[in-house]
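**Q** task: produce atomic coordinates for the following.
(one chain, ligands or ions: 1)
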Amino acid sequence: MQQVRVVEVGPRDGLQHEAVLLSPLDRIALIERLSEAGLASIEAGSFVSPKAVPQMAGTDEVLRAFLNRPQLRLPVLIATDKGLDAAVAAGARDIVVSVSASESYSRRSLNGSIAEAIERLRPLMARAVAAGLRVRASISCTLGCPYEGSIPVSQVVDLAEALHGLGAHEILLADTIGVGTPGRAKALVKAVAAIVPVDRLAVHFHDTYGQGLANIYAALEEGIRIVDAAVGGLGGCAFIKGAAGNVATEDLVYMLDGIGLTTGINLEHLVEVAVSISADLNRPLSSHVGRALRAA
Ligand code: MG
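**A** Residues are numbered from 1 along each chain as shown. Have a look, this model is predicted:
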């Protein structure tokens, strides 16, 4: 049976957009429980200013708690040399960097044009690759931008090619605001996979318009086997009011199980984590599968 690697992004991309702050110890416990449920790739935090993102303060402590677990992949988001230094010092083996396919979004959220963002990443990624780190490079707004509307596929293809050339281990096609539909998701993956090997591509979709799983299915049909999701559907987007969270990991795992793609994840166990983290964050359980299994 074919495998899909599910990358759990709740402890970083999810929690970063939640109002309730969890301590590093609570985040360690969450990652531990996700790992027990069978997740082997878990976005663990970020090394950015705790003033800008208080939710991720103490990520060094989180990483150090898992130093003796080399089989767990725990990517951490960085944006600068200082962040890379701190990540390496804490024992990071996987990092995440981010660019946007939208010029306007790049200028507003990443403080520079797309070209400037790539020029900033060039030396940073060279250092990371030379240090033996695996780099996940995320491209945001690939299926739409809050300022520009739709984004030309060719713009995403060019960026993916550039990031691949800079040594990215994985390239994430993110639908940051969740506006994509399956036909466009399929066309996007097909176009990028013509330039970058499909086993180097991952999708990161949001569920704002309820299209997340359908878009993932379309991407699977094009050969994608690495998919991001967040337990309990945690998260949102800081730049868009009302943008829904990431696709819920339990909804994704239920679909993959049904298709016959293996993930190594125990669905019941995962739902227990979704229920408890949702309660901790004072948010309703947002996943369909979580609510259905709980009622059953
Ligand atoms: Mg996200």
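**Q** list phi and psi for L173.
**A** phi -100, psi 110 (degrees, to the nearest 10).
**Q** ok, it - contacts?
**A** I139, T142, V156, A160, L188, V189, V192, L201, A202, V203, H204, A219 (Cβ atoms under 8 Å, 6 or more residues apart in numbering). (Glycine included, C-beta is placed from N, CA and C.)
**Q** could you rerun that using 7 Å?
**A** Listed by Cβ atoms under 7 Å, 6 or more residues apart in numbering, the contact set of L173 reads I139, T142, V156, L188, V189, V192, L201, V203, H204.
**Q** in which helix or strand does the fifth one reside?
**A** Assigned by DSSP states H and E, V189 falls within helix 182-193.
**Q** show me what that helix is packed up against.
**A** helix 153-165, strand 170-175, strand 201-205, helix 212-221 (3 or more Cβ pairs under 7 Å, 6 or more residues apart in numbering; DSSP states H and E).
**Q** strands along this protein, start to end?
**A** Secondary structure of the chain (DSSP state E): strands located at 5-8, 41-42, 45-47, 76-78, 94-100, 134-140, 170-175, 201-205, 226-229.
**Q** listing partners with orientation, what would you give for the fourth one?
**A** Strand partners for strand 76-78, identified by DSSP bridges, are recorded as strand 45-47 (parallel), strand 94-100 (parallel).
**Q** dump the ones you listed into JSON lines; add mean pLDDT and distance to L84 as well.
**A** Output for the strands paired with strand 76-78, formatted as JSON lines (pLDDT from 0 to 100; distance: least, Cβ to Cβ, whole Å):
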{"stretch": "strand 45-47", "mean pLDDT": "97", "distance to L84": "8"}
{"stretch": "strand 94-100", "mean pLDDT": "97", "distance to L84": "7"}
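**Q** dump the strands of the chain into CSV; add distance to the ion as well.
**A** Listed next are the strands of the chain as CSV, based on distance: least, Cβ to the ion, whole Å:
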stretch, distance to the ion
strand 5-8, 11
strand 41-42, 14
strand 45-47, 13
strand 76-78, 11
strand 94-100, 10
strand 134-140, 9
strand 170-175, 6
strand 201-205, 6
strand 226-229, 7
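**Q** dump the ones you listed to a markdown table, plus distance to I259.
**A** Formatted as a markdown table, the strands of the chain follow (distance: least, Cβ to Cβ, whole Å):
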| stretch | distance to I259 |
| --- | --- |
| strand 5-8 | 13 |
| strand 41-42 | 20 |
| strand 45-47 | 31 |
| strand 76-78 | 30 |
| strand 94-100 | 27 |
| strand 134-140 | 24 |
| strand 170-175 | 20 |
| strand 201-205 | 15 |
| strand 226-229 | 12 |
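**Q** who's in contact with L172?
**A** R136, A137, S138, I139, A202, H204, D228 are the contacts of L172 under Cβ under 7 Å, 6+ apart.
**Q** report pLDDT for it.
**A** Listed pLDDT for L172 reads 98.
**Q** roughly how far does it sit from E32?
**A** L172 sits 25 Å away from E32, going by Cβ to Cβ, to the nearest Å.
**Q** and what of I216?
**A** In this structure, I216 and E32 are 26 Å apart, going by Cβ to Cβ.
**Q** just R120 next, same as before
**A** From R120 to E32 the distance is 34 Å (Cβ to Cβ).
**Q** top of the contacts of L173 by neighbour count?
**A** When neighbours are counted by other Cβ atoms under 10 Å, T142 leads these with 31 neighbours.
**Q** wait, doesn't that one sit right on D175?
**A** Yes. Between T142 and D175 there is a contact at 6.2 Å, judged by Cβ atoms under 7 Å.
**Q** if I pick Y254, what's in contact with it?
**A** Contacts of Y254 (Cβ under 7 Å, 6+ apart): L267, V289.
**Q** and the contacts of stretch 208-222?
**A** Outside stretch 208-222, the residues touching it (Cβ under 7 Å, 6+ apart) are 175, 177-182, 185-186, 189-190, 193, 203, 205-206, 227, 243-244, 247, 251-252, 255.
**Q** ok so, going back, could the contacts of L173 be laid out in CSV, adding pLDDT and distance to G235?
**A** Below are those laid out as CSV (pLDDT from 0 to 100; distance: Cβ to Cβ, whole Å):
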residue, pLDDT, distance to G235
I139, 98, 17
T142, 98, 17
V156, 98, 21
L188, 98, 21
V189, 98, 22
V192, 98, 23
L201, 98, 21
V203, 98, 15
H204, 97, 10
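**Q** count the residues that sit near E36.
**A** E36, neighbours per other Cβ under 10 Å, totals 13.
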